[in-house]
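Undergrad: sharing a model prediction with you, sequence too.
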Amino acid sequence: MRVDKERRRALYREAARKRRRVESDTFADLSSLLPLRASVRAHLDKPSVIRLAICYMRLQALLRGKTNVKIWCCVWELLSCFSPADEMDMWKFSVKEERKEVTEENDVYLRIMEGFVMVLSSEGNIMFLSENVSCYIGLTQTELMGHNVFEFMHPCDHEEIRSNLRLSADGFWSDTKRDFVVRIKSTLTLRGRSTNLKSATWKVVQCQGRVRACPGPFSSSCLLLTCRPLPVSHTCLCTRTFSSQHSMDMRFTHCDSRVLSILGYTPNELMGRSIYEFCHTLDTISLTKYHTNLCSKSQSVSGRYRMLVRGGGYVWVESHSAVVPGAKTPKYRTRPQPPLLILCVTYVLSGVEEPFLQLSLDQ
């Protein structure tokens, strides 16, 4: 009786070792199918392999209009602990052939763009991130892909993200351009060092892109974005750029002399006047959104809007702004100091258009 019991235990242990061995082999096969560098795949744990495999599978369905049979079968084998060697070798070969098609042009595009690429599903899941994301926020591609974007965004920006992911009334995403500013977690310090996620700070990022739909039997859609962290400071590179300072209600408190050659107004004429008085009426809504983002997130980009030129007409400009925080509050004071001012650098994007059209008394 005791011998039979020991024999059953030995059989159970051997069966458990076999299951673990098959499971490890299947995880290794699944990891080898991921389009990642070997040095990255070597440090992936089992939950990360599953998460990235599902993410890659969704991305393949989006790009090709059908699910990727290789990954689906490998996931199914992982769950059933069954792995036919011949088919797995065939899948490995086909995936390696796909990797060879990637050229060095991708790295060139990312360097020119000065940002990273992000693809979101309609539920906010991160389907893809370019590998250079770690250069801007510290978190790596494998740490973020497969997670929901709301886990890494500022809670006050969740509604803005939902509005850009929201479907239209007829159930389809419109192809209108998305352009919004959000705050994302960053593990990079001011000196460029990386910290842990618990010590992460918020970095302001401008996201621009469009919705892309994939027709076919497995139709799906995604939000393709280029994300560019906003710089803390700006440099006036040419005479077609001018800097200014504003109060929190966007009234001019200082402006450099280059504004005279661009808009025709002297700095003294702008003092105490609101920027809304010198912008085109049709751009007031977008300028108000930019102002709201600036007050809530401390940095923002206006997007293109029109500023009126003395004598008639207007020029297209874009403003990059940041709020200068107030001085640190002493311990004996309970009320925090208000922000000091808004620093603004305005880039002129065009010449004077419709020079004979006068839209305000100042012109």
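TA: Sure thing, it's come through.
Undergrad: number of nearby residues for residue 131?
TA: 17 (other Cβ atoms under 10 Å). For glycine as for every other residue, the C-beta is placed from the backbone atoms N, C-alpha and C.
Undergrad: check residue 271 too.
TA: Neighbour number of residue 271 under other Cβ under 10 Å is 12.
Undergrad: isn't it up against residue 252?
TA: Yes. With contact defined as Cβ atoms under 8 Å, residue 271 reaches residue 252; the gap is 5.6 Å.
Undergrad: what strands line up against the helix or strand residue 345 falls within, and which way round?
TA: Residue 345 belongs to strand 341-348 when assigned by DSSP states H and E. Sheet pairing of strand 341-348 (DSSP bridges) gives strand 241-246 (antiparallel), strand 314-324 (antiparallel).
Undergrad: redo the ones you listed as CSV? Include mean neighbour count.
TA: Shown next, in CSV, are the strands paired with strand 341-348 (neighbours: other Cβ atoms under 10 Å):
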stretch, mean neighbour count
strand 241-246, 19
strand 314-324, 19
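Undergrad: in JSON lines, list the ones you listed along with mean pLDDT.
TA: Formatted as JSON lines, the strands paired with strand 341-348 follow (pLDDT from 0 to 100):
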{"stretch": "strand 241-246", "mean pLDDT": "90"}
{"stretch": "strand 314-324", "mean pLDDT": "91"}
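Undergrad: list of residues touching the strand holding residue 345?
TA: 234, 236, 240-248, 250, 253, 262, 294, 307, 315-324 (Cβ atoms under 8 Å, 6 or more residues apart in numbering).
Undergrad: without its sequence neighbours, what residue ends up closest to residue 264?
TA: residue 310 (3.1 Å; Cβ to Cβ, 6 or more residues apart in numbering).
Undergrad: three-state assignment of the one you found?
TA: What DSSP: H, G, I helix; E, B strand; the rest coil gives for residue 310 is coil.
Undergrad: ok, now which ones touch it?
TA: Per Cβ under 8 Å, 6+ apart, neighbours of residue 310: 263-265, 362-363.
Undergrad: repeat the analysis, applying 6 Å as the threshold.
TA: Counting by Cβ atoms under 6 Å, 6 or more residues apart in numbering, residue 310 makes contact with 264-265, 363.
Undergrad: which of the residues you listed are buried?
TA: 264-265, 363 (16 or more other Cβ atoms under 10 Å).
Undergrad: now, among those, which is nearest to residue 28?
TA: Each of these was scored against residue 28 by Cβ to Cβ, and residue 265 proved nearest at 68.1 Å.
Undergrad: which positions in stretch 260-277 come out as buried?
TA: 260, 262-265, 267, 269-270, 275.
Undergrad: state the helix or strand in which residue 47 lies.
TA: Counting by DSSP H and E, residue 47 is found in helix 46-64.
Undergrad: mean confidence for that helix?
TA: Confidence for helix 46-64, expressed as mean pLDDT, is 78.
Undergrad: from the contact counts, what lies against it?
TA: helix 2-32, strand 126-129 (3 or more Cβ pairs under 6 Å, 6 or more residues apart in numbering; DSSP states H and E).
Undergrad: adding mean pLDDT, write these out as TSV.
TA: As requested, the helices and strands packed on helix 46-64 are exported to TSV (pLDDT from 0 to 100):
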stretch	mean pLDDT
helix 2-32	76
strand 126-129	87
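Undergrad: hey, which of these is tucked in deepest?
TA: Ranked by mean neighbour count under mean count of other Cβ atoms under 10 Å, the helices and strands packed on helix 46-64 are led by strand 126-129, which reaches a mean of 21.
Undergrad: pLDDT averaged over the following helix or strand past that one, what's the number?
TA: Using DSSP H and E, the helix or strand that follows strand 126-129 in sequence is helix 134-137. When pLDDT is averaged along helix 134-137, the result is 86.
Undergrad: quick one: contacts of the next helix or strand after helix 134-137?
TA: Heading C-terminal from helix 134-137, the first helix or strand you meet, by DSSP H and E, is helix 141-144. With contacts defined as Cβ under 6 Å, 6+ apart, helix 141-144 is touched by 126, 129, 131, 133.
Undergrad: just checking, what packs against the helix or strand just after helix 141-144?
TA: Downstream of helix 141-144, the next assigned helix or strand under DSSP H and E is helix 158-165. Helix 158-165 sits against strand 178-186, with contacts defined as 3+ Cβ pairs under 6 Å, 6+ apart.
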